[in-house]
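> turn this into a structure:
(chains A and B)
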Amino acid sequence: METLKPSNFIRDIINHDIKVEESSLSRVETRFPPEPNGHLHIGHAKSICLNFGLAAEYNGVCHLRFDDTNPTKEEAEYVEAIKRDVKWLGFDWGQHLYYTSDYFDKLYKCAVELIKKGKAFVCHLSPDEIRQYRGTLTHPGQNSPYRERSVEENLELFEGMRRGEFDEGSCVLRAMIDMSSPNLNMRDPVLYRIIKNTPHHRTGANWCIYPSYDYSHPISDALEGITHSICTLEFEDHRPLYDWILNELSLFDSHPKQIEFARLNLTYTVMSKRKLLELVTGNFVAGWDDPRMPTISGLRRRGYTHEAIRKFCEVIGVAKANSIVDIALLEHCLREDLNQRAARVMAVLNPLRLVIDNYPEGLLTEELDAENNPEDSSMGSRKIPFGKVIYIEQDDFCEQPPKGYFRLAPGCEVRLKHAYYVRCVDVIKDNDGRVMEVHCTYDPETKGGWSKDGRKVMGTLHWVSVEHAIPAEVRMYSHLFIKPNPEDEGDFKSNLNPDSLITLTSAMIEPSLANAAANSRYQFLRHGYFCVDTDSALNMPVFNRTVSLKDSWLKGGKAK
RNA sequence: UGGGGUGUGGCCAAGCGGUAAGGCAUAUGGUUUUGGUCCAUAUAUUCGAGGGUUCGAAUCCUUCCACCCCAGCCA
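Residues are numbered from 1 along each chain as shown, chains lettered A, B, ... in the order given. Down below sits the predicted model:
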């Protein structure tokens, strides 16, 4: 089934551009330009899918460019992590891997050109003074006293900056635009600043001056032949500057078009790098790849498929309105994908012993057939050992069942998935009245879970044979925050969900899972989708709950 | 108060002058050896508000309102 790609304003712009330029060059070239100062999250995935997706759609290419112009914040470690994440999402930049730092020489030459044109000057105002001279939102700024220096002097000073003759913070190179512009970005913005004693992860100590984002980005785009430079809304105000830079530098024959879209926000989580870093450094989570994090690595470890993430990025659309997408939509895309591919297995999370009184005490283990995936018969079936004593879920037995409950209760009959019908005949409790064991009788005529007499049972329970069960640790993850918008009021950390991780250590899983490979995904029947965590040990597999199954009983049925 | 943006059902989002797509969520019913999946049905007389143009407006004009972004030598 071919799903029609929803239209969006960026596609409209590109379609228009291609039509207008059809006689000349109608290529499409985009780029994903992360700064290597943190890990990628699902918000970046939106941008990645957009940029790589658009390029693919128009038979163009998408570059991966590390925007590494600030050595005080960037690290090589992030570069590798980012590459891995983009690859995992299934995108290929081919030969188009770039670094802004590769352009430092060219960027420097362009700056010299600007100075020669009288469009840039070295300013010795302190950071504080620059701020004062900039004016405010409602009042124009004032020209820097250094604005009138001669081209020769500026050239000499800038060269001196490059040679390291000035202290950090003592001077900067500024564009000469308009200090009275209502757009603060045009009030003689800083083009170069001095950063000393902080080696750059790629250029080491070769440079002590570094270009600003506003200056380097348009030039990098133009150098690479980018046609559409897609970024987020907050850069809308910077577009005049982006265009100014390229217009002043006549050496480029292409002038990329900057297009801004609204970044992704999701309910029950946070997306800013700063806040995510805070969660990691404050040990509120176990690291960047903690399965509760919205990072690509976190989602991956949680058990998300890249297909689900990509589908999500497609269905949320692209627009310019700020929005917060319901995380239920992400989970929907995940379930939709996992439902097709995940093998069904049985796992009892909170075990309760069930003894079948009339089941023979034979030495031979009875093995039952179980389909692996009702959605996909090509996934085949497996044998599951049955027994006189099995584990069922504590929640699947209730001594005094509420209306509408159709699991096991005294006197009631249910089906054990793939096995037999059993009827509860006795309940054993401890001194505190807690149910310790349930006794049942089974009907040998219902093997496989069918009854010849057409007798109906409402409930079907999953189970695991006590004799064959394998203990496992199961990590039940849920939303990281208790509020749809954690940033709403006060410190976002005060809205952390204390139950975002509940570790179950006495779960029992069916023996077929004994050698489950790390990262493999399963559906634990009636529970949800789980994946094998890398923390798994030889005798203690660890499963992460990726997402629960929808539960109309918990949701509405139980309440009624 | 200067500038730049955005406002379509609970959440996203199409629509680009011809009489409100789609998805999620929600509710109900059907199927079902997962209270899963699947299937069906329901939910905006109305597009931030008012005024205007037009035979006809969410789409054009106008006024107003709300929200977001900008005063880093961050990106």
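
> does A:Tyr78 touch A:His39 like I think?
Yes - here A:Tyr78 lies in contact with A:His39, judged by C-beta atoms under 8 Å, at a distance of 6.9 Å. The C-beta positions use only the backbone N, C-alpha and C, and glycine is treated the same way.

> the more surrounded of those two?
More crowded of A:Tyr78 and A:His39, by other C-beta atoms under 10 Å: A:His39, with 24 against 21.

> Provide a list of residues in contact with whichever residue of chain A sits closest to RNA strand B.
Going by C-beta to the nearest atom of the strand, RNA strand B is nearest to A:Gly449 of chain A, at 2.3 Å. By C-beta atoms under 8 Å, 6 or more residues apart in numbering, the contact list for A:Gly449 reads A:Arg415, A:Leu416, A:Lys417, A:His418, A:Ala419, A:Tyr420, A:Tyr421, A:Thr460.

> and those, which of them are buried?
Neighbour counting by 16 or more other C-beta atoms under 10 Å classes A:Arg415, A:Leu416, A:Lys417, A:His418, A:Ala419, A:Tyr420, A:Tyr421, A:Thr460 among the contacts of A:Gly449 as buried.

> run through the residues that contact the fourth one.
Listed by C-beta under 8 Å, 6+ apart, the contact partners of A:His418 are A:Leu368, A:Asp369, A:Ala370, A:Ile384, A:Gly448, A:Gly449.

> what's the closest of the residues you listed to A:Val425?
A:Gly449 (19.6 Å; C-beta to C-beta).

> got a PyMOL select line for the buried ones in the contacts of A:His418?
To isolate the buried ones among the contacts of A:His418 in PyMOL, judged by 16+ other C-beta under 10 Å, type:
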select buried, chain A and resi 368+370+384
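
> if we can go back for a sec, separation between the residue of chain A closest to RNA strand B and A:Arg382?
The gap separating A:Gly449 from A:Arg382 is 15 Å, by C-beta to C-beta, to the nearest Å.

> over to A:Val28?
Distance from A:Val28 to A:Arg382, by C-beta to C-beta: 48 Å.

> ditto for A:Ser520
14 Å.

> between the two, which is the more surrounded one?
Regarding A:Ser520 and A:Arg382, a neighbour count based on other C-beta under 10 Å identifies A:Arg382 as having more, with 18 against 15.

> helix, strand, or coil at that one?
Following DSSP: H, G, I helix; E, B strand; the rest coil, A:Arg382 is assigned to strand.

> ok, now which ones touch it?
Contacts of A:Arg382 by C-beta under 8 Å, 6+ apart are A:Asp369, A:Ala370, A:Asn372, A:Ser512.

> could you find the closest non-adjacent residue to the first one?
The one in question is A:Asp369. A:Ser381 (5.4 Å; C-beta to C-beta, 6 or more residues apart in numbering).

> wait, what's in contact with the one you found?
So, once contact is read as C-beta under 8 Å, 6+ apart, A:Ser381 ends up touching A:Asp369, A:Ala370, A:Glu371, A:Asn372.

> can you check A:Ala419 too?
A:Leu368, A:Phe386, A:Lys447, A:Gly448, A:Gly449, A:Trp463.

> hmm, the last one is touching A:Leu354, no?
Meaning A:Trp463. Yes - taking contacts as C-beta under 8 Å, A:Trp463 lies within contact range of A:Leu354: 7.2 Å.

> is stretch A:454-464 up against RNA strand B anywhere?
Yes - on the criterion C-beta under 7 Å from any atom of the strand, stretch A:454-464 is in touch with RNA strand B at A:Gly459, A:Thr460.

> now do the same end-to-end measure for that stretch.
Start and end residues of stretch A:454-464 are separated by 26 Å (C-alpha to C-alpha, to the nearest Å).

> need the residues that contact that stretch.
So stretch A:454-464 is contacted by A:346-348, A:351, A:354, A:390-393, A:396, A:406-408, A:413-417, A:419, A:421, A:449, A:451, A:508-510, A:524-526 (C-beta under 8 Å, 6+ apart).

> from the middle of its chain, how far away would it be?
38 Å (C-alpha atoms, centre = their mean, to the nearest Å).

> what comes up buried for that stretch?
Buried residues in stretch A:454-464 (16+ other C-beta under 10 Å): A:Val457, A:Thr460, A:Leu461, A:His462, A:Trp463, A:Val464.

> out of those, which sit inside strands?
A:Thr460, A:Leu461, A:Val464 (DSSP state E).

> right, and the helix or strand after the helix or strand A:Ala308 falls within?
Using DSSP states H and E, A:Ala308 sits in helix A:306-315. Moving toward the C-terminus from helix A:306-315, the next helix or strand (DSSP H and E) is helix A:327-341.

> okay, that next one in PDB with CA atoms only?
Output of helix A:327-341 as PDB, limited to C-alpha atoms (Å, rounded to 0.1, in the frame of the first residue of the first chain):
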ATOM      1  CA  ILE A 327       3.500  11.000  22.700                       C
ATOM      2  CA  ALA A 328       0.600   8.500  22.100                       C
ATOM      3  CA  LEU A 329       1.100   9.100  18.400                       C
ATOM      4  CA  LEU A 330       4.800   7.900  18.700                       C
ATOM      5  CA  GLU A 331       3.700   4.900  20.600                       C
ATOM      6  CA  HIS A 332       1.000   4.200  18.000                       C
ATOM      7  CA  CYS A 333       3.600   4.100  15.300                       C
ATOM      8  CA  LEU A 334       5.700   1.800  17.400                       C
ATOM      9  CA  ARG A 335       2.900  -0.700  18.100                       C
ATOM     10  CA  GLU A 336       1.900  -0.700  14.500                       C
ATOM     11  CA  ASP A 337       5.400  -1.700  13.500                       C
ATOM     12  CA  LEU A 338       6.100  -4.100  16.300                       C
ATOM     13  CA  ASN A 339       2.700  -5.800  15.900                       C
ATOM     14  CA  GLN A 340       3.800  -7.000  12.500                       C
ATOM     15  CA  ARG A 341       7.300  -8.100  13.400                       C
END
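
> list residues touching both of A:Trp463 and A:Leu354?
Joint contacts of A:Trp463 and A:Leu354 (C-beta under 8 Å, 6+ apart) are A:Ile390, A:Tyr391, A:Ile392.

> and the residue nearest to A:Asp369, what are its bridge partners?
Note on A:Ser381: beta-bridge partners A:Glu371, judged by DSSP bridges.

> okay, it and A:Val348: tell me how far apart.
With C-beta to C-beta as the criterion, A:Ser381 and A:Val348 are 21 Å apart.

> and if you look at A:Arg84?
Counting by C-beta to C-beta, the gap from A:Arg84 to A:Val348 is 36 Å.

> quick one, which of the two is more surrounded?
Using other C-beta under 10 Å, the more surrounded residue of A:Arg84 and A:Val348 is A:Val348, with 27 against 14.
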